[in-house]
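S.K.: Could you work out the structure for the sequence below:
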Amino acid sequence: MNEASENAGNGEAKIGATRPVTEVAVGVLVQPDGRYLLAQRPAGKPYEGYWEFPGGKLEPGESVEAALARELHEELGIEVEASHLWHTLEHDYPHAYVRLFFCKVTQWSGEPHGREGQAFVWQSLPADVEPLLPATIPVLEWLAAE
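M.R.: Got it, this is the predicted structure:
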């Protein structure tokens with residue numbers, strides 16, 4: 001389990017000399033009863049129809065916290081009130097190499113709704129939706145271990 005990167009907020013870095021690293025803030029919204037929110041990737045995006053935790057790319061110079069707040073507002077119409085960086089994971093997808101900053105979100109205002117037409121669902125462990133985006137699986141393991 002990695003600690004947060006000191007370089008968060010650079011948007012894209014390089015691995016070696018060739019592959020860009022896309023930095024992504026990801027929200028793990030957890031309700032007091034332990035249920036967590038998964039969103040379905042919309043049509044036209046890589047891994048269309050797969051389930052994931054919501055979030056999005058950091059803009060140049062943007063902090064993980066700012067990107068998380070912006071993305072969750074854009075995608076779900078909520079305002080983040082309490083969150084903390086929880087785990088960092090790198091994953092090599094065919095379309096992108098990503099550094100994922102998973103933030104546990106424990107308080108928010110507003111009722112989540114799919115502002116981009118995406119489906120979402122509140123789940124308890126184990127997840128009963130499929131298919132899961134590959135980088136989502138370790139997060140479910142971390143939740144189960146707590």
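
S.K.: out of everything not next to it in sequence, what's closest to the residue most central in space within the chain?
M.R.: The residue lying closest to the centre of the chain (C-alpha atoms, centre = their mean) is Val26, at 2.2 Å. Among residues not flanking Val26 along the chain, Gly55 sits closest, at 3.6 Å (C-beta to C-beta, 6 or more residues apart in numbering). (C-beta placed from N, C-alpha, C; glycine too.)

S.K.: tell me the contacts of that neighbour?
M.R.: For Gly55, the contact set (C-beta atoms under 8 Å, 6 or more residues apart in numbering) comprises Val24, Ala25, Val26, Gly27, Ala67, Leu68, Glu71, Leu72, Glu75, Leu100.

S.K.: end-to-end on stretch 27-44?
M.R.: Stretch 27-44 has an end-to-end distance of 22 Å (C-alpha to C-alpha, to the nearest Å).

S.K.: Tell me the buried residues in it?
M.R.: Within stretch 27-44, the residues that count as buried by 16 or more other C-beta atoms under 10 Å are Gly27, Val28, Leu29, Val30, Tyr36, Leu37, Leu38, Ala39, Gln40, Arg41.

S.K.: Need the max-distance pair from those residues.
M.R.: Val30 and Arg41 (20.7 Å; C-beta to C-beta).

S.K.: chain center to stretch 75-91, what's the gap?
M.R.: 6 Å (C-alpha atoms, centre = their mean, to the nearest Å).

S.K.: Arg115: neighbour count?
M.R.: Arg115 has 12 neighbouring residues, counting by other C-beta atoms under 10 Å.

S.K.: Distance-wise, check it relative to Tyr93.
M.R.: From Arg115 over to Tyr93 the distance is 24 Å, taken as C-beta to C-beta, to the nearest Å.
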